[in-house]
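>>> Just a sequence and a predicted model for now, questions to come.
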Amino acid sequence: MSTKQCIRNGIFLGAEGKKSLIDLTIPDDFKGSIILFMHGFMGYKDWGCWNLVENYFVTLGYGFCKYNVSHNGGTIENGIDFSDLEAFSVNSYYKEYVDTSAAISWIKENALPHHSITLIGHSRGGGMALLQSSNETISAIVSWAGISSIEKRFPTGDALKKWKGEGVKYYLNSRTNQQMPSSYLQYEEFCMHKELLNIESKCTKSKKPTLLIHGDRDTSVPIEEGQELAKWLNTKLHIIKNGDHTFGSKQPWTNEEIPEQLLEACEMTKSFFEKIVI
């Protein structure tokens, strides 16, 4: 496909001025709307099928931008593997909120003239997208398997005390077999910005056109969280039958086709965009 503009592994300044990678593709038949895609926890812009998702929407005439959150553990030299565990350890929801604003500003400064920016967020990225519901720059929001609460992601009781006492806890990355460190500073930063990071509050006040999609076999973010979001937004939850958390996609993805459930999510999103005429 020929393009008007194509930036691969560009650099934007995210939270705390940290450099991170960003992509932008605008097709020849550009209709004027740019989609900003936001990945989830332990994810990155080139994970699994995200490049195929980009191609899907670019083929329809949308501009498409995706980025690595600044403290996801990747580096400018290697945006796929997690070689900067120090950065990962202090990543936080607040930093990712700042990253979103920085990516939006980068689009405004670097993209060809456009009339709208919309958000698609997956999982944790879905929560980040919903937090932008009062942002006048954004025309619409799509949440794929999005989280409904940040606070629920943190331990409570003795587990929280243990985390505070030890200063760090670890998550196993099954793809890389790394023990991914998570500093207690993340929780402290959340507490400092608790009101700003309240997804329920943002949703109940939102007047932004919003599409919610969730798989009925999601074991990472339960479908009940999607139902909560639908209640707060007073909208319908669109359910992908037999859909898991990533709608059938995985890393690495070697097939040239989008898996059936993810394609269904893309088609639902396409129809939503067409109805609101972005």
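Structure received. Residues are numbered from 1 along each chain as shown.

>>> Below-threshold pLDDT in this structure: ranges please.
Scanning the chain for pLDDT under 70 picks out 1, 277-278.

>>> Okay, strands next: where are they in it?
Taking DSSP state E, the strands of the chain run over residues 3-13, 19-27, 33-38, 63-67, 116-122, 138-144, 168-173, 178-183, 210-215, 237-240.

>>> Output the contacting helices and strands for the fifth one.
Just to be clear, that refers to strand 116-122. Contact here means 3 or more CB pairs under 8 Å, 6 or more residues apart in numbering; DSSP states H and E; on that basis strand 116-122 packs against strand 33-38, helix 124-130, strand 138-144. Using the backbone N, CA and C atoms, a C-beta is placed for each residue, glycine as well.

>>> Paired strands for it, with orientation please.
Applying DSSP bridges to the sheet, strand 116-122 is found paired with strand 33-38 (parallel), strand 138-144 (parallel).

>>> circling back: JSON lines for the strands of the chain, including distance to Ile107 and mean neighbour count?
Converted to JSON lines, the strands of the chain look like this (distance: least, CB to CB, whole Å; neighbours: other CB atoms under 10 Å):
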{"stretch": "strand 3-13", "distance to Ile107": "9", "mean neighbour count": "14"}
{"stretch": "strand 19-27", "distance to Ile107": "7", "mean neighbour count": "22"}
{"stretch": "strand 33-38", "distance to Ile107": "6", "mean neighbour count": "25"}
{"stretch": "strand 63-67", "distance to Ile107": "6", "mean neighbour count": "26"}
{"stretch": "strand 116-122", "distance to Ile107": "6", "mean neighbour count": "26"}
{"stretch": "strand 138-144", "distance to Ile107": "11", "mean neighbour count": "25"}
{"stretch": "strand 168-173", "distance to Ile107": "30", "mean neighbour count": "13"}
{"stretch": "strand 178-183", "distance to Ile107": "29", "mean neighbour count": "16"}
{"stretch": "strand 210-215", "distance to Ile107": "20", "mean neighbour count": "26"}
{"stretch": "strand 237-240", "distance to Ile107": "26", "mean neighbour count": "19"}
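
>>> so which of the ones you listed gets nearest Thr156?
For the strands of the chain, proximity to Thr156 was assessed by CB to CB; strand 168-173 is nearest, at 13.4 Å.

>>> The closest one pairs with which strands, parallel or anti?
strand 178-183 (antiparallel).

>>> Could I have the CA atoms of the strand it pairs with written out in PDB?
The C-alpha trace of strand 178-183 is given here as PDB (Å, rounded to 0.1, in the frame of the first residue of the first chain):
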ATOM      1  CA  GLN A 178      12.000 -13.000  32.900                       C
ATOM      2  CA  GLN A 179      11.000 -12.100  36.400                       C
ATOM      3  CA  MET A 180       9.600  -8.600  35.900                       C
ATOM      4  CA  PRO A 181      10.100  -6.300  38.900                       C
ATOM      5  CA  SER A 182       7.400  -4.000  40.200                       C
ATOM      6  CA  SER A 183       8.400  -1.400  42.700                       C
END
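
>>> Give me the contact list for that strand.
The list of residues contacting strand 178-183 from outside it, by CB atoms under 8 Å, 6 or more residues apart in numbering, reads 42, 73, 82, 85, 88-90, 167-173.

>>> One more pass at 6 Å, please.
Defining contact as CB atoms under 6 Å, 6 or more residues apart in numbering, one finds that strand 178-183 is touched by Leu85, Phe88, Ser89, Val90, Val168, Lys169, Tyr170, Tyr171, Asn173.

>>> need these in CSV with distance to Glu257, can you?
Converted to CSV, those look like this (distance: CB to CB, whole Å):
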residue, distance to Glu257
Leu85, 34
Phe88, 32
Ser89, 37
Val90, 38
Val168, 41
Lys169, 38
Tyr170, 36
Tyr171, 31
Asn173, 26
